[in-house]
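*Asks:* This is a predicted model, with the sequence first.
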Amino acid sequence: MITRRLAALGLVLTLSACVSTDDSGPKDLGDFRLGYNIVQARTVKQGPFSREVSDEQITSALREAVGARLGRYDGDGLYHIGISVGGFVLAQPGIPLIYTPKSVLIFEVNVYDNATGQRLNAEPKQITAFEGIENVAPIVGSGIVRDAEAQLANLVASGAIQVERWLAENPEWFTPKPGQTRVRIDRAQLDARADAAIRSSMATAAPAN
């Protein structure tokens, strides 16, 4: 599914609408507080005509963007975010006025309630992130004016915003519970455990020599 989607995107990205990343204000997320923030890239598909970027670069960048975006909330609840990266295109230089490819990042998101251990969304939420309308170069193309790292930074920022918007569209998930006791967390410890889980996942996914 991801491979077919990326192939289709490779043909139409020059005409794709872009998502604005100008959305800095906090949302109403009830009792949301970020617990584990795990981003995995086990079976990532690189789209056609894409620059190279490692799975580790993608996961680290996306995890940092999501953490910065969702770490602003300090409700009494605790919710874990799990993300699986499916595919990407980091646009190479195109031909101005004829072919101006754009970058895209595709990933799936799940959210879990720490209190119940249950996943809150019935199906994984698929996010398709573009660089953002204020970050595109419509005449010459993103691949000419930005390197791969800058393109990736724009993509993960856009993706993190979409995750936040999706959570805000489901306020019933974050309704404070009567008599709820705030769970104390050690952020450094949570991040260390998330790091270990990601490393384990990547090692499992790596092909045998």
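*Replies:* Yes, it's here.

*Asks:* Next one: the residue nearest the centre of the chain from Leu78, what distance?
*Replies:* With distances taken as CA atoms, centre = their mean, Gly159 lies nearest the centre of the chain, 4.4 Å away. Plainly put, Gly159 is 22 Å away from Leu78 if you go by CB to CB, to the nearest Å. Glycine gets a C-beta too; all of them are placed from N, C-alpha and C.

*Asks:* re earlier: verify the stated contact: the residue nearest to the centre of the chain with Val104.
*Replies:* No - counting by CB atoms under 8 Å, Gly159 stays clear of Val104, with 10.0 Å between them.

*Asks:* Can you work out which residues contact both of these two?
*Replies:* Among the neighbours of Gly159, those also in contact with Val104 (CB atoms under 8 Å, 6 or more residues apart in numbering) are Ala129.

*Asks:* low-scoring stretches of the protein, by residue?
*Replies:* Within the chain, the stretches with pLDDT under 70 are 1-24, 93-101, 132-146, 204-209.

*Asks:* mind listing the strands for it?
*Replies:* 34-40, 45-46, 79-89, 104-113, 125-130 (DSSP state E).

*Asks:* For these, give me TSV that also has mean neighbour count and distance to Ala168.
*Replies:* Shown next, in TSV, are the strands of the chain (neighbours: other CB atoms under 10 Å; distance: least, CB to CB, whole Å):
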stretch	mean neighbour count	distance to Ala168
strand 34-40	21	14
strand 45-46	16	29
strand 79-89	23	13
strand 104-113	22	12
strand 125-130	21	13
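
*Asks:* Between those, which one is closest to Pro178.
*Replies:* For Pro178, the closest of the strands of the chain is strand 104-113, at 15.2 Å, according to CB to CB.

*Asks:* Tell me what angle that closest one forms with strand 34-40.
*Replies:* 140 degrees (axes from the mean of the first three to the mean of the last three CA atoms, to 10 degrees).

*Asks:* ok, Thr175 - contacts?
*Replies:* So Thr175 contacts Gly30, Asp31 (CB under 8 Å, 6+ apart).

*Asks:* if I look at it, how far off is Ser54?
*Replies:* Distance from Thr175 to Ser54, by CB to CB: 40 Å.

*Asks:* contacting residues for the closest residue in space to Asp191 that isn't next to it in sequence?
*Replies:* Spatially, and ignoring its direct neighbours in sequence, Asp191 is nearest to Asn37 (7.6 Å; CB to CB, 6 or more residues apart in numbering). Asn37 makes contact with Arg63, Val66, Gly67, Leu70, His80, Ile81, Leu190, Asp191, Ala194 under the criterion CB under 8 Å, 6+ apart.

*Asks:* If anything else comes up later, I'll come back, but that's it for now.
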